[in-house]
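Participant: Dropping the sequence and predicted coords here.
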Amino acid sequence: MTVAVEEVQRMVRRLNRESTIFRRTGRTRSAGIFHDGKMVAFAEDISRHNTLDKAIGAAAENGVDSRGASLSLQVDNPQV
């Protein structure tokens, strides 16, 4: 699977917009799962491992087909 740079940038921008707790505290990680250009799952947590687990769990609970899905994980300051 290949993802264009522009698509990765779009996913990161969307992830940063959704990261409301991070904007208030500066102390969370966030993960988004994208399918066909749309965010289908999102999670935010203090731990990057928990964040990833929560995003994958949310996608599974919503019946998202993981084939062809992309993951964006924010672990540092989104201003960088």
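Facilitator: Here it is on my side, so go on.
Participant: hey, let's count contacts and neighbours off CA atoms from now on
Facilitator: OK.
Participant: part of a helix, is residue 56?
Facilitator: Yes: counting by DSSP: H, G, I helix; E, B strand; the rest coil, residue 56 is part of a helix.
Participant: thought it was touching residue 41?
Facilitator: Yes: Residue 56 lies in contact with residue 41 (CA atoms under 8 Å); the separation is 7.4 Å.
Participant: other SSEs contacting the lowest-mean-pLDDT helix or strand in the chain?
Facilitator: Counting by mean pLDDT, DSSP states H and E, the weakest-scoring helix or strand in the chain turns out to be strand 70-74, with a mean of 83. Contacts defined by 3 or more CA pairs under 8 Å, 6 or more residues apart in numbering; DSSP states H and E place strand 70-74 against helix 5-18, strand 29-35.
Participant: please redo it, this time with the cut-off set to 6 Å
Facilitator: strand 29-35 (3 or more CA pairs under 6 Å, 6 or more residues apart in numbering; DSSP states H and E).
Participant: okay, and for this protein, where does confidence drop off?
Facilitator: Along the chain, the model assigns pLDDT under 70 to residues 75-80.
Participant: Bridged to the residue sitting nearest the centre point of it, which residues?
Facilitator: Nearest to the geometric centre of the chain sits residue 32, at 1.8 Å (CA atoms, centre = their mean). Following DSSP bridges, residue 32 is listed with bridge partners residue 42, residue 72.
Participant: I figured it hits residue 74, correct?
Facilitator: No: counting by CA atoms under 6 Å, residue 32 does not reach residue 74; the two are 8.7 Å apart.
Participant: where does the nearest residue to residue 34 once chain neighbours are set aside sit relative to residue 32, distance-wise?
Facilitator: Spatial nearest neighbour of residue 34, excluding adjacent residues (CA to CA, 6 or more residues apart in numbering): residue 70 at 5.1 Å. Residue 70 is 8 Å from residue 32, where distance means CA to CA, to the nearest Å.
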